[in-house]
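Q: any chance you can model this:
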Amino acid sequence: MNDPYDAGYGSGDADQYELVGYDEYGRPVYRQAQIPAQDGRQQTYDPYAQQQGQYGHQQYGQQQDPYGQGQGQGYGYDPYAAGAPGTAVPYDPYTGPGGQDTGQQPPVPDAGHGRYDGYGQAAQSSYDPYGQAATSGGQPAVTERTAHIPQQAGPPEQPEPAAPGEAEPDYRTEQFAFVEEPTDDSEDVIDWLKFTENRTERREEARRRARSRVVALVVVLALVAVGGVGYLWYAGKLPGLSSSDSGTGGSTAAGAQKRDVIAVHLHDTAGGGTSTALLVNNTTTQRGTAVLLPNSLALTGDDGTTTTLAKSVGDDGPDATRTALDSVLGTDIEGSWRLDTPFLQILVDLVGNIEVDTDTDVPDPAAKDKGAAPLVHKGQKQTLSGKAAVAYATHRGTGESADAQLQRFGQVLHAVLRKMSSDPDAATTTVQTLGLVLDPPLTEKDLGTFLAGLSELAKGGDFATTLLPVGDDGRLSAETGDGVVKDVLGGTAKSPDEDAAVSVAVRNATGVEDRTGKARVTLLNGGFTFLEGGTASGTEDASRVLYAEAADKENAVEVAKTLGLPAGSVTQGKVAANADVSVVLGRDYEPAT
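A: Predicted structure coming up:
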């Protein structure tokens, strides 16, 4: 039982110490065996009570061995150093004092002492963490001392495997503590990560912006393409949606288009007669056209009678003529511009003369000598003053048709538009300078703005002149309806009904002015259509009823009966334009009362 292991107890007999247990570090704890005193009482060895000289109870410089092993060790003695004189030799339970092998086994707790706890200590004593044993009963206290056993660090201990039938030890994560030691370059790493992240974000943002721009560009291009196709469709310029205008100066739309139309009536104040043209500004196709209307064009008057364009302009006035033209051509004329020859002369002089490719020589109307030099010479790009322009626009040569003179008027109009200003204000000023009295609803500003728009088209080569073709009877042909009327004017040709009442042209040769009016009333009451044939320069004794075709002979006979004329007055001959039957009233005509 007694194992004096610690060298601090000296080199005495091992029986003087007994093992009482192990401390919390696994080192053995001994206590000195009880020594019977001479008086029969047990004594307990106190190692600290003998060190009186060290703390003032002994003489200065004297050191006492608390265990009686020698003097003079002091504080620096080595309990494991052996052989030095006056030093204690550590006791090893396996080798004996001084580290020598005694061949004896270490003492084993005596079974006669009763049961032992886990440290090899008897049950009657308990372990004191401060090095003292707590005795039970009347056992005296015994001083305990923990021996110091130096140990050399060995390899890390491996966990022993569990015995068969025993569970493996349960290790949990929370049983271990991990400490992350900061590194010196942690801030640099964070900065680098931030820089990399920012640069990546910038690149992604740049990519997103680029994609957004591409998408926006694609959308804009798509809208432009759709708008362009829509405009071409609206303008009729897509393949298969446009048709040729048969000499009108380009392609016009087959669909609905916006057009501004004004009628121009030239009145020849010197020689008499009128010329009419429709100025058309197609704002959809950006093209301008002057449509020349023959005087023989058949119109329907307000009273339902059939008349000609020339008679309507001279007798019915601009408003009635405009309405009749809208009805026949299916168009919408916004206003009428009456242009007398003196105003045309002033207009040409204001714009600074014009250039025309003339097709004939035109004599000076004011020249008395027939052999005088012509006022207008035939040729290319002839410069015409106001007077020359009027002479050329109204000239009709011997044996020429009325259409030849009408086309010369169209040439002058085109040349005037090329010389006018394209600025609306300047063009309005030119119109105001003329001093015209315009027919409502046309105003000077409206006319000036309209002419300025046509002037821009004429200067750009987008203006043309075309003649409206009509038949001998003044009615519109199929060619006219499919060409000029539909493509240029955007209307529908609608001549007076051929199945309507027989039209009768009446010319007064009685010498009495009111005979025409009375004949008109008689014919209308008889179911005929009255046409004004004018007044003859002289008188005739006998009245005549003329028809051109044999099919119209019966109609001529009925006209004679209605007017009260004899059947012998009916004869075949030349009939006035637009009329089925012509009547020349002589002095023998007696109107009904």
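Q: contact partners for Lys553?
A: By Cβ atoms under 8 Å, 6 or more residues apart in numbering, Lys553 lies in contact with Tyr547, Val570, Gln572. Where you see a C-beta, it was placed from the backbone N, CA and C, and this is true even at glycine.
Q: hmm, 7 Å instead?
A: Tyr547 (Cβ atoms under 7 Å, 6 or more residues apart in numbering).
Q: try the one 10 residues further on
A: For Leu563, the residues meeting the contact criterion (Cβ under 7 Å, 6+ apart) are Ala519, Thr522, Val583, Tyr589.
Q: how does it look with 8 Å?
A: Ala519, Thr522, Leu523, Ser543, Val545, Val583, Tyr589.
Q: same question, Leu468
A: Val291, Leu292, Leu293, Pro294, Leu297, Leu476, Thr480, Val484, Val485.
Q: try Leu454
A: With Cβ under 8 Å, 6+ apart, Leu454 has these contacts: Leu279, Asn281, Gly288, Leu417, Phe463.
Q: one more: Asp268?
A: Contacts of Asp268 by Cβ under 8 Å, 6+ apart are Thr274, Ser275, Thr341, Thr394.
Q: ditto for Ala556
A: By Cβ under 8 Å, 6+ apart, the residues touching Ala556 are Val545, Leu546, Tyr547, Val570, Val581.
Q: go again with 7 Å.
A: Contact analysis of Ala556 by Cβ under 7 Å, 6+ apart lists Val545, Tyr547, Val570, Val581.
Q: where does the closest residue to the second one other than its chain neighbours land on pLDDT?
A: Going back to what we said before, that points to Tyr547. The spatially closest residue to Tyr547, leaving aside those adjacent along the chain, is Ala556, at 4.0 Å (Cβ to Cβ, 6 or more residues apart in numbering). pLDDT for Ala556: 92.
Q: same check on the one 5 residues further on?
A: At Lys561 the predicted local distance difference test score is 91.
Q: tell me how far it lies from Val264.
A: Distance of Lys561 to Val264, computed by Cβ to Cβ, to the nearest Å: 44 Å.
Q: can you check Lys459 too?
A: 19 Å.
Q: ok, those two, which is more surrounded?
A: Val264 (19 against 14; other Cβ atoms under 10 Å).
Q: what's that one sitting at in phi/psi?
A: Main-chain dihedrals, Val264, degrees, to the nearest 10: phi -110, psi 120.
Q: relative to Lys574, how far out is it?
A: Note on Val264: its distance to Lys574, by Cβ to Cβ, is 31 Å.
Q: need the helix or strand of this protein with the lowest average pLDDT.
A: None of the helices or strands of the chain scores lower by mean pLDDT, DSSP states H and E than strand 242-244, at a mean of 38.
Q: most neighbours among the contacts of Leu563, which one?
A: Val583 (30 neighbours).
Q: what's the closest non-adjacent residue to that residue?
A: Spatial nearest neighbour of Val583, excluding adjacent residues (Cβ to Cβ, 6+ apart): Val506 at 4.9 Å.
Q: from Arg507, how far off is Thr535?
A: From Thr535 to Arg507 the distance is 7 Å (Cβ to Cβ).
Q: beta partners of His362?
A: Residue 362: Val, not His. Counting by DSSP bridges, Val362 forms beta bridges with Val376.
Q: show me the contacts for it.
A: By Cβ under 7 Å, 6+ apart, Val362 lies in contact with Pro374, Leu375, Val376, Ala391, Tyr392, His395.
Q: show me which of those residues is closest to Ala310.
A: Closest approach to Ala310 among those (Cβ to Cβ): His395, at 17.5 Å.
Q: and that closest one, how many neighbours does it have?
A: His395 has 21 nearby residues by other Cβ under 10 Å.
Q: what's the pLDDT at it?
A: As summarised for this prediction, His395 has a pLDDT of 94.
Q: so who does Ser582 touch?
A: For Ser582, the contacting residues are Ala505, Gly533, Leu546, Val575, Ala576, by Cβ under 7 Å, 6+ apart.
Q: which SS class is the last one?
A: Classification of Ala576 by DSSP: H, G, I helix; E, B strand; the rest coil places it in coil.
Q: related to what we said a few turns ago, between the contacts of Asp268, which is nearest Val218?
A: Checking the contacts of Asp268 against Val218 with Cβ to Cβ, the nearest one is Ser275 at 56.9 Å.
Q: report the secondary structure state of that closest one.
A: Ser275, by the three-state scheme (three-state DSSP), is strand.
Q: show the pLDDT at it.
A: pLDDT recorded at Ser275 is 95.
Q: identify the bridge partners of it.
A: Leu266.
Q: tell me the spacing between it and Thr360.
A: Taking Cβ to Cβ, one finds Ser275 at 17 Å from Thr360.
Q: follow-up on the earlier one: just the contacts of Leu563 now: which is nearest Pro441?
A: Among the contacts of Leu563, and counting by Cβ to Cβ, the member closest to Pro441 is Leu523, at 35.1 Å.
Q: show me the contacts for the closest one.
A: Counting by Cβ under 7 Å, 6+ apart, the residues that Leu523 touches are Val504, Phe530, Thr562.
Q: of the residues you listed, which belong to helices?
A: Among those, the members found in helices (DSSP state H) are Thr562.
Q: domain parsing of this structure, as residue ranges.
A: Split into domains by automatic domain parsing, the chain comes to 1-149, 189-235, 256-488, 503-585.
Q: avg pLDDT for the shortest one?
A: For domain 189-235, mean pLDDT rounds to 76.
Q: tell me if I'm right that Leu19 and Arg27 touch.
A: No - the criterion here is Cβ atoms under 7 Å, and Leu19 misses it with Arg27 at 11.1 Å.
Q: more neighbours: which of the two?
A: For Leu19 and Arg27, the more surrounded residue by other Cβ under 10 Å is Leu19, and the numbers stand at 22 against 15.
Q: what packs against the strand or helix carrying that one?
A: For Leu19, the host element (DSSP states H and E) is strand 17-22. Where contact means 3 or more Cβ pairs under 7 Å, 6 or more residues apart in numbering; DSSP states H and E, strand 17-22 is packed against strand 28-32.
Q: mind giving me the packing neighbours of the strand it packs on?
A: Using 3+ Cβ pairs under 7 Å, 6+ apart, the elements in contact with strand 28-32 are strand 17-22, strand 142-146.
Q: below-threshold pLDDT in this protein: ranges please.
A: 1-16, 33-197, 199, 231-255, 302-305, 478-482, 496-501, 593 (pLDDT under 70).
Q: can you give me the helices in it?
A: Ranges of helices within the chain are 186-235, 309-311, 318-329, 341-351, 386-394, 402-419, 424-434, 444-459, 478-480, 515-525, 553-563, based on DSSP H.
Q: can I get the fifth one as PDB, trimmed to CA atoms?
A: Same thing as helix 386-394. C-alpha atoms of helix 386-394 as PDB (Å, rounded to 0.1, in the frame of the first residue of the first chain):
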ATOM      1  CA  GLY A 386     -47.800  89.400-120.800                       C
ATOM      2  CA  LYS A 387     -49.300  90.600-124.100                       C
ATOM      3  CA  ALA A 388     -47.600  87.700-126.100                       C
ATOM      4  CA  ALA A 389     -48.800  85.200-123.500                       C
ATOM      5  CA  VAL A 390     -52.400  86.300-123.900                       C
ATOM      6  CA  ALA A 391     -52.200  86.200-127.700                       C
ATOM      7  CA  TYR A 392     -50.800  82.700-127.600                       C
ATOM      8  CA  ALA A 393     -53.300  81.400-125.000                       C
ATOM      9  CA  THR A 394     -56.300  82.600-127.000                       C
END
